[in-house]
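In: quick one: sequence and predicted model below, then my questions.
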Amino acid sequence: MELHHELKVRFGFDEFRPGQEGVIRSILQRNDTLAILPTGMGKSLCYQLPGEMQDGLVLIVSPLVSLMEDQVASIRRRGEKRVAAVNSFLSSEQRKYIFDEIHKIKFLFISPEMISRPDMTNFLMRLPISILVVDEAHCISQWGFDFRPDYLRLGEFIRLAGNPPILALTATADARVEADIIHYLRMSNPNVIRQSLDRPNLTYTVQQLETEADKTTWLKERLKRTKGPGIIYVASRKRAEELTRVLQQEGIAIASYHAGKEAGDRNIIQQQFLTGEISWICATNAFGMGVHKDDIRQVIHDQMPASAAAYVQEAGRAGRDGERSSAVLLYVMDDEQKVRFIVQKDLPDEPQVHHFAAMRASGQSIESSAELAGISETGSRVVQYYLESLSLEDVLKTFTKLKYDKEEKLRQMIAYVQERTCLRVQLLSYFDETSQTKPDMCCSVCGTANDEWLLSSESLGNRRRLLQWEERIRLLLC
Amino acid sequence: MKLSSIILKIAEKMDGQRSLNASLHVLRGKRSGQTLQDIDYFSVKPYFSLLPKLADETFAEAVSSLQHEGLIKESEGIVTVTEKGKRTEKELRVFHFDGWNYRGREGIFYLRLVLLVQTLSQLRESRNSFHPITNDRKIQQFVKGLLRSLTGSIHNSASNLADELLLAFEMTGISDLQASILSHRLTGADASGWTWEQLEEATSEPVASLQLEYLEALHRLIAVSESEDVAEKLPILHKLAHGIRIETPLTDSTAITKRLFDQGVSIEEIASTRRLKVNTIEDHISEIAANDRDFPILRFVNREDQLAVKMEVENNDVKRLRLLKDKFPHLSYFQLRLILSTMKGEHV
């Protein structure tokens, strides 16, 4: 009862979303807690509410600067101004300002590479930390689809900071990832709270096609006949640009989104999507985290992602309002070859690791060693991390294991598109879950993926037109 | 507006004296002694640092279109403008860039303006919670401070800003297209800004051209806004333009060198104190010379040498360092650069 009162007074909500209450109670009792809650289920409330109710600093480790900024902005929007973010983009002057004002801050966001810097560790370990939140905690596991070596250094920080209560948050974690999180964060007798990943309001479809060109044709027809708002996920920036152009020519209100676009345009596109000025976004996986739009009706994948976890996360952006929504995956035979290439390119092979180690030993910088050995930037960070703590032989073993694991993950997606088992059952099984109830519109394998309810031509017609400049200024301000 | 037109303008100023790379360095705002001296000597300051991120390929493409049309020629690394090129250059309209004084900081002015317009637009619809168009805290704090300084209701402030923009756009002398770009890049309640691609589609002008038009329009808008004469007529825009113009044209590192240099410390000593190469310090000194009309050039070159070089430059119109070096082998490149730097004002 008490907790509901706090929720109402501080956040204006009447009810918790599934899973939230248990997590919050566990944290308030100062238990280490691992919360596995699907995307869009209000993970940040799990630390915001107990943070507000307790004294002390809430320290939140977050992997992406954009995600961090977005969360800071959203906390500010609800009126809590005691919030700041520390990442490598801050000038030393700005950082000093935060240090000087730290007693006024309640929620401090920090990137994993910053927290393990000695000066930072020294500073932070003396503060009264009420909760240490590890966001996107699956990044700590090499089995996770987003492995970040910097996360592995968190364990040391936690020990130095005197083992504050830990709240690890993630949307997806199978048994192995779960074990890794608990192990590396040195969590003691943690409460693991897992909310089912099942999304009964999503209808899953695998659409098999003959050629790449058929995908474009299919998408053209689909977007002309059905309604948005929707996201098309593609594998490359180039494809995003090309497909967007084709669809625009069909009169569809769509824009492309990827990391190569100017920041100003990215913000504008997000805003147009939120306001409904455009119905569709054609994006790489750079789009999504931190985008709060509840009424997305369709998520279509032009290419399979590298793992079921990534698919569940991206497709899960549809229908957060609980209304019926559709998740479609387009598939052409041998698509997996392309995905395999993308997935494996960041993983150096044996000769490359040898070459890298030799270059490092001869005094070359990490950057030039990586370049000489032909290792990608991401790859070099992973190799460097392991070379610091393991023997060369063990590093090689680890990479073989990683390679094998990535292949195994990809096999989940291959099975998803090829096998004749209910798509929902398959997705859940990867996370050791079973489907509780079967929705009327389940999936294309069950033969119940009826999309008639989506029919509409509202995405068509570009309603936007250029105004006279005087008119435009008055529209904005008068 | 085409990048090639801008390059043609620069090439015309440097006709027969410099390489193509010299133009590229100007556009990117390279802070070497050579470039800093060039922009002064050839009067191309308005183009300095206009496009700090200009890609090699983009530049090369624009250059090859100029060559293809027979407007410029390149031989032995030197660019000359053909007769046709000179006629074409004369027909181009006058550009009003001010790269030297803004150096990319126009983007800060623009972000402040967009966020202010967005905030007023949302607030007058009584929407107190919205996604700010920029997450840059400095910009947000600036706009917040500015909002606090505005008196009167939100509706009043919003319509005052509208009036200011309407007036300022007229005062700048920008084209309708430019006014249209500026106003459509602004964002407000239920009227998001337009992306560059969307503007391209609506105007049938390529993105690159629109962005140059936008850049020039922005420079002119800031110039109008920052002027002290308009502080009363355009109070909000005047505040938005605060601190955009580069106050000290020297780089931070050069400023440190200047402090030591003014105390009479020698180049070699400065280099060893600062643990920098002598070459670097010489670049700093050239930069200082290009910016200081009272530069004590006598510390480096005697009067006779100065006079001889100046005569050579004026009588034979030779500005290329290598040719000068051939004539005056006893002078270093550094000394020659200093002489050219300090010639501005006397020459032309």
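Out: Arrived safely, thanks for sending.

In: distance from the chain centre to stretch B:97-105, please.
Out: 3 Å (C-alpha atoms, centre = their mean, to the nearest Å).

In: contact partners of it?
Out: B:29, B:39, B:45-50, B:52, B:215-216, B:219, B:222-223, B:244-246, B:249 (C-beta atoms under 8 Å, 6 or more residues apart in numbering or on different chains). Any C-beta I mention is one placed from the backbone N, CA and C, and that applies to glycine too.

In: for it, buried residues please.
Out: Using 16 or more other C-beta atoms under 10 Å in any protein chain shown as the test for burial, stretch B:97-105 gives B:97-103.

In: just the buried subset of the contacts of stretch B:97-105, please.
Out: B:29, B:39, B:45-50, B:215-216, B:219, B:222-223, B:244-245, B:249.

In: mind picking the two most distant members of those residues?
Out: Spatial extent of the buried ones among the contacts of stretch B:97-105 (C-beta to C-beta) is set by the pair B:216 and B:249 at 20.8 Å.

In: in the stretch 251-400 of chain A, which spans are strands?
Out: A:254-257, A:280-283, A:298-301, A:325-332 (DSSP state E, counting those that start in this stretch).

In: quick one, the lengthiest helix in chain A and strand A:325-332 angle?
Out: The longest helix of chain A (DSSP state H) is helix A:392-418. Angle, helix A:392-418 to strand A:325-332, by axes from the mean of the first three to the mean of the last three C-alpha atoms, to 10 degrees: 110 degrees.

In: mind giving me the packing neighbours of helix A:392-418?
Out: strand A:202-209, helix A:308-315, strand A:325-332, helix A:335-344, helix A:350-361, helix A:377-389, helix A:423-429 (3 or more C-beta pairs under 8 Å, 6 or more residues apart in numbering or on different chains; DSSP states H and E).

In: average pLDDT for it, rounded please.
Out: Taken as a whole, helix A:392-418 has a mean pLDDT of 88.

In: what is the orientation angle of the helix or strand bottoming out on mean pLDDT in chain A with helix A:392-418?
Out: Scoring the helices and strands of chain A by mean pLDDT, DSSP states H and E places helix A:377-389 at the bottom, with a mean of 79. Helix A:377-389 runs at 140 degrees relative to helix A:392-418, counting by the same axes, to 10 degrees.

In: next, the buried residues of helix A:377-389.
Out: Buried, per 16+ other C-beta under 10 Å, within helix A:377-389: A:379-387.

In: got the domain boundaries for the chain?
Out: Assuming you mean chain A. A:2-194, A:197-478 (automatic domain parsing).

In: wait, chain B
Out: Split by automatic domain parsing, chain B gives B:3-94, B:106-240, B:252-343.

In: how far does the last one sit from the chain's center?
Out: Its chain's C-alpha centre lies 24 Å from the corresponding centre of domain B:252-343 when counted by C-alpha atoms, centre = their mean.

In: thinking again about what came up before, nearest to chain B, out of the helices and strands packed on helix A:392-418?
Out: Smallest distance to chain B across the helices and strands packed on helix A:392-418 (C-beta to the nearest C-beta): 19.9 Å, for helix A:377-389.

In: circling back to that earlier point, ok and the least confident helix or strand of chain A relative to helix A:350-361, angle-wise?
Out: Using the same axes, to 10 degrees: helix A:377-389 against helix A:350-361 is 70 degrees.

In: re the thing from before, save the domains of chain B as CSV, and put in mean pLDDT too.
Out: Below are the domains of chain B laid out as CSV (pLDDT from 0 to 100):
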stretch, mean pLDDT
domain B:3-94, 92
domain B:106-240, 93
domain B:252-343, 86
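
In: out of the ones you listed, flag the one nearest chain A.
Out: Nearest of these (C-beta to the nearest C-beta): domain B:106-240, 3.8 Å.

In: hey, where'd the strands end up in the stretch 51-200 of chain A?
Out: A:57-61, A:83-86, A:107-110, A:129-134, A:166-170, A:191-194.

In: single out the most deeply packed of these.
Out: strand A:166-170 (a mean of 26; mean count of other C-beta atoms under 10 Å in any protein chain shown).

In: if we can go back for a sec, tabulate the domains of chain B (JSON lines), appending distance to chain A.
Out: Below are the domains of chain B laid out as JSON lines (distance: least, C-beta to the nearest C-beta, whole Å):
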{"stretch": "domain B:3-94", "distance to chain A": "10"}
{"stretch": "domain B:106-240", "distance to chain A": "4"}
{"stretch": "domain B:252-343", "distance to chain A": "13"}
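
In: for the closest residue to residue B:24 other than its chain neighbours, what are its contacts?
Out: Residue nearest to residue B:24 in three dimensions, not counting chain neighbours: residue B:59, with 5.3 Å by C-beta to C-beta, 6 or more residues apart in numbering or on different chains. For residue B:59, the contact set (C-beta under 8 Å, 6+ apart) comprises B:3, B:7, B:24, B:27.
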